[in-house]
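>>> For reference, the sequence and a predicted model appear below.
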Amino acid sequence: MTESQRWFFLIFALVMAGLVYLLAPILSPFLVGALLAYLSDPIADRLEAAGLSRTTSVIIVFIAMTAIVVMMFLLFIPKLGMQIQLLLERIPQAISLFENQVLPWLMSTFSLEASAFEFSNLKSILIGDLQKTSDIMAQLLGGLTRSSMAIVAWVANLVLIPVVTFYLLRDWDVMMDKVKRLLPRNIEPKVSLWARECDEVLGAFMKGQLLVMVALGVVYAVGLWIVGLDLALLVGMIAGLASIVPYMGFIIGIVVAGVAAFMQFQDPIVLGYVGAVFIVGQMLEGMLLTPLLVGDRIGLHPVAVIFAIMAGGQLFGFVGVLLALPVAAVIMVLLRHLHEGYKSSSLYASEHKNDTEQSEPVVNDN
């Protein structure tokens, strides 16, 4: 890369970052549409390879995505909202159960003093916060209904997402080819290699790990529903989302589900059923879901994913959250090549050579 090309790409990156910062309030539907198009492009490519035209393939994929979204809004979202409300109502009951049954056992077993535990203030504060949360939601909904511009903005964003998704998905391959042709010829092979590696990283996570998370959420929710837990859908989705970090979903899910099941049934036997659900889910993840959906592809490290999402949200809000994973993938690929360049550079080789020379014995000619 020449000096002028370095300055050009540096200035281009700074301008793009500035535009993202300035245009963040209107970028959300476009980024969501681009994300959906990226995730569904392999399916459209397979349909196109089977003999269908690109437009027909995109229409089929688009109808399938629309059906899934509509089904979620009609079936799962209302049920999930009801379970969240039920959870908020049961939190004070959980504190009372701990205070009246678990705490006396702890005090008698470990010889603890009652003054070390004071739950009356905690309960009053918690109930007050839950009431404030309800008031805040009511004020927020009231403000949205009073502001016609806010409603128009929300409706416009919701309408834009499927429109942007459709057109980006239809022209995805054409746009990628045009971007490739715009690259300077001397750096195009290297950039194309980096782009393929970034796609591999994103594909391993977004097209693999996210599917594993959704599948685990469904497995946990169905298993807990068979057990009879009222909060089966909510706990299952929480455990599935927490599976972004290995074993975190299992730990969080089994603890939350165990507490919820004990509160609902007051029977220790049910805890065994809950444990069996999560053990089966963990076995399915290790033996079926991860090998099938992720395989041996290299994805983003879970800690890197969490940090990227939090950093993106802190810097650019919701737009930063949407951009976090692609930017993290690019940074990971660049760091990998930087590490390889360092290992083959004179800086690393000279240090190794000096250490070798110092370790060689000195031969005395005398």
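Thanks, I have it.
>>> so where's the stretch 201-350 of the chain uncertain?
Along the stretch 201-350 of the chain, segments meeting pLDDT under 70 span 294-299, 350.
>>> Going by residue numbers, what spans are helices in it?
Per DSSP state H, counting those that start in this stretch, the stretch 201-350 of the chain carries helices over the ranges 210-227, 232-242, 248-265, 268-284, 290-293, 302-316, 318-343, 346-359.
>>> Break down the stretch 51-200 of the chain into its helices, ranges please.
Secondary structure of the stretch 51-200 of the chain by DSSP H, counting those that start in this stretch: the helices cover 54-71, 77-97, 103-110, 120-146, 148-170, 172-182, 188-204.
>>> Okay, angle between the last one and helix 172-182 too, please.
Spelled out, that is helix 188-204. Counting by axes from the mean of the first three to the mean of the last three Cα atoms, to 10 degrees, helix 188-204 lies at 150 degrees to helix 172-182.
>>> for helix 188-204, which positions count as buried?
Using 16 or more other Cβ atoms under 10 Å as the test for burial, helix 188-204 gives 194-195, 197-199, 201-204. Glycine gets a C-beta too; all of them are placed from N, C-alpha and C.
>>> okay, those residues in JSON lines with distance to Trp154 next?
Output for those, formatted as JSON lines (distance: Cβ to Cβ, whole Å):
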{"residue": "Trp194", "distance to Trp154": "37"}
{"residue": "Ala195", "distance to Trp154": "35"}
{"residue": "Glu197", "distance to Trp154": "38"}
{"residue": "Cys198", "distance to Trp154": "32"}
{"residue": "Asp199", "distance to Trp154": "32"}
{"residue": "Val201", "distance to Trp154": "33"}
{"residue": "Leu202", "distance to Trp154": "29"}
{"residue": "Gly203", "distance to Trp154": "32"}
{"residue": "Ala204", "distance to Trp154": "34"}
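>>> Out of those, which is nearest to Ala34?
Nearest to Ala34 among the buried residues of helix 188-204: Leu202, at 12.1 Å, using Cβ to Cβ.
>>> these two touch, right, Gln209 and Val245?
No: between Gln209 and Val245 there is no contact under Cβ atoms under 8 Å: 10.4 Å.
>>> neighbour count winner among those two?
Neighbours of Gln209 and Val245, each counted by other Cβ atoms under 10 Å, are more numerous for Gln209; the result is 21 against 14.
>>> Return the distance of Arg46 relative to Leu19.
From Arg46 across to Leu19, the span is 34 Å (Cβ to Cβ, to the nearest Å).
>>> ok, back up a step: how about TSV for the helices of the stretch 51-200 of the chain, with distance to Ile238 added?
What follows is the helices of the stretch 51-200 of the chain, written out as TSV (distance: least, Cβ to Cβ, whole Å):
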stretch	distance to Ile238
helix 54-71	21
helix 77-97	10
helix 103-110	26
helix 120-146	18
helix 148-170	25
helix 172-182	33
helix 188-204	24
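>>> And these, which one averages the lowest pLDDT?
Lowest mean pLDDT within the helices of the stretch 51-200 of the chain: helix 120-146, a mean of 54.
>>> so what's Phe318 up against?
Contacts for Phe318 were tallied using Cβ atoms under 8 Å, 6 or more residues apart in numbering; they are Ser28.
>>> Nearest to Val321 among the buried residues of helix 188-204?
Nearest member of the buried residues of helix 188-204 to Val321, counting by Cβ to Cβ, is Leu202, at 15.0 Å.
>>> For the closest one, which non-adjacent residue is spatially closest?
Ala329 (4.8 Å; Cβ to Cβ, 6 or more residues apart in numbering).
>>> Okay then, goodbye and thanks.
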